[in-house]
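Participant: sharing a model prediction with you, sequence too.
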Amino acid sequence: MANTQGPQGNYDPAGSTQMFRAFVDDAPPPVQQQAASSGPRVGLIIGIVVAVAVVAAVAWLALS
């Protein structure tokens with residue numbers, strides 16, 4: 001019975017690691033936009049507060 005689970009040919013796992021490291025080193029640094037990131041946070045907080053208020057109002061009406 002032949003072993004068909006093994007690697008075929010000359011596979012070099014270190015070669016793919018080297019190519020990945022070269023890709024990461026060539027990537028441009030990410031641009032940080034701090035002013036734009038605070039906008040969605042404020043909207044998320046307002047949305048959560050409104051959702052909690054709606055749930056509280058519905059619960060108050062259901063219990064009264």
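Facilitator: Good, I have the coordinates.
Participant: worst mean pLDDT across the helices and strands of this structure, which element?
Facilitator: Every helix and strand of the chain was ranked by mean pLDDT, DSSP states H and E. The lowest is helix 13-26, at a mean of 73.
Participant: what residues of that one count as buried?
Facilitator: For helix 13-26, the neighbour count (16 or more other Cβ atoms under 10 Å) marks no residue as buried. (Each C-beta comes from the backbone N, C-alpha and C, glycine too.)
Participant: going along the chain, name the strands of this protein.
Facilitator: Counting by DSSP state E, no segments of the chain form strands.
Participant: pull the least confident helix or strand of the chain out as PDB, backbone CA atoms only.
Facilitator: Extracted in PDB, the C-alpha atoms of helix 13-26 (Å, rounded to 0.1, in the frame of the first residue of the first chain):
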ATOM      1  CA  PRO A  13       7.700  25.100   4.100                       C
ATOM      2  CA  ALA A  14      10.300  27.800   4.900                       C
ATOM      3  CA  GLY A  15       9.900  29.200   1.400                       C
ATOM      4  CA  SER A  16       6.300  30.200   2.000                       C
ATOM      5  CA  THR A  17       7.200  31.800   5.300                       C
ATOM      6  CA  GLN A  18       9.900  33.800   3.600                       C
ATOM      7  CA  MET A  19       7.400  35.000   0.900                       C
ATOM      8  CA  PHE A  20       4.900  36.000   3.600                       C
ATOM      9  CA  ARG A  21       7.500  37.900   5.500                       C
ATOM     10  CA  ALA A  22       8.600  39.700   2.300                       C
ATOM     11  CA  PHE A  23       4.900  40.600   1.700                       C
ATOM     12  CA  VAL A  24       4.500  41.900   5.200                       C
ATOM     13  CA  ASP A  25       7.700  44.000   4.900                       C
ATOM     14  CA  ASP A  26       6.600  45.500   1.600                       C
END
